[in-house]
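*Asks:* okay, predicted coordinates and the sequence, questions at the end:
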Amino acid sequence: MARVVVDVMPKPEILDPQGQAVANALPRLGFDGVTSVRQGKHFELEVADDVDDAALAKIAETFLANPVIEDWVVTRIDA
């Protein structure tokens, strides 16, 4: 089995209201110095060793991310 991580983030030109809410709350909670927050999604998959990178990219593009508004990165993690 292989471990794969897929990180999905809003594209830079897409408004991120959840990230803005976090960024606005941090100073009120005593955390200064954070100027920007972008909130995304993090997926960890365990896949058979024979699942290739093309299949993983297709999973990310068609199921885990909305390619119109999100970018994604697929990373294999060494066990």
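*Replies:* Arrived safely.
*Asks:* low-confidence ranges in the protein?
*Replies:* Residue ranges of the chain with pLDDT under 70: 79.
*Asks:* helices of that one, start to end?
*Replies:* With DSSP state H applied, the chain shows helices at 17-28, 53-59, listed in chain order.
*Asks:* give me the residues contacting the first one.
*Replies:* Judged by C-beta atoms under 8 Å, 6 or more residues apart in numbering, the contacts made with helix 17-28 from elsewhere in the structure are 10, 32, 34, 35, 36, 37, 38, 39. C-betas here are computed from N, CA, C, even on glycine.
*Asks:* distance between it and the chain's centre?
*Replies:* Relative to its parent chain, helix 17-28 has a centroid offset of 18 Å by C-alpha atoms, centre = their mean, to the nearest Å.
*Asks:* got it, and stretch 57-74?
*Replies:* The answer for stretch 57-74 is 9 Å, by C-alpha atoms, centre = their mean.
*Asks:* from one end of it to the other, what's the distance?
*Replies:* 7 Å (C-alpha to C-alpha, to the nearest Å).
*Asks:* flag every buried residue along it.
*Replies:* Buried residues in stretch 57-74, counted by 16 or more other C-beta atoms under 10 Å: 59, 60, 64, 65, 70, 72, 74.
*Asks:* just put those residues in TSV and tack on distance to residue 24.
*Replies:* As requested, those are exported to TSV (distance: C-beta to C-beta, whole Å):
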residue	distance to residue 24
59	34
60	30
64	28
65	26
70	22
72	26
74	32
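*Asks:* ok, so of those residues, who is nearest residue 15?
*Replies:* Closest approach between these and residue 15, by C-beta to C-beta: residue 70, at 12.7 Å.
*Asks:* skipping adjacent residues, who's closest to the closest one in space?
*Replies:* residue 8 (5.1 Å; C-beta to C-beta, 6 or more residues apart in numbering).
*Asks:* so which of the buried residues of stretch 57-74 sit within strands?
*Replies:* 70, 72, 74 (DSSP state E).
*Asks:* identify the residues contacting the first one.
*Replies:* Contact criterion C-beta under 8 Å, 6+ apart gives 8, 9, 10, 11, 14, 40 as the residues in contact with residue 70.
*Asks:* farthest-apart pair in these, please.
*Replies:* 8 and 14, at 11.9 Å, using C-beta to C-beta across the contacts of residue 70.
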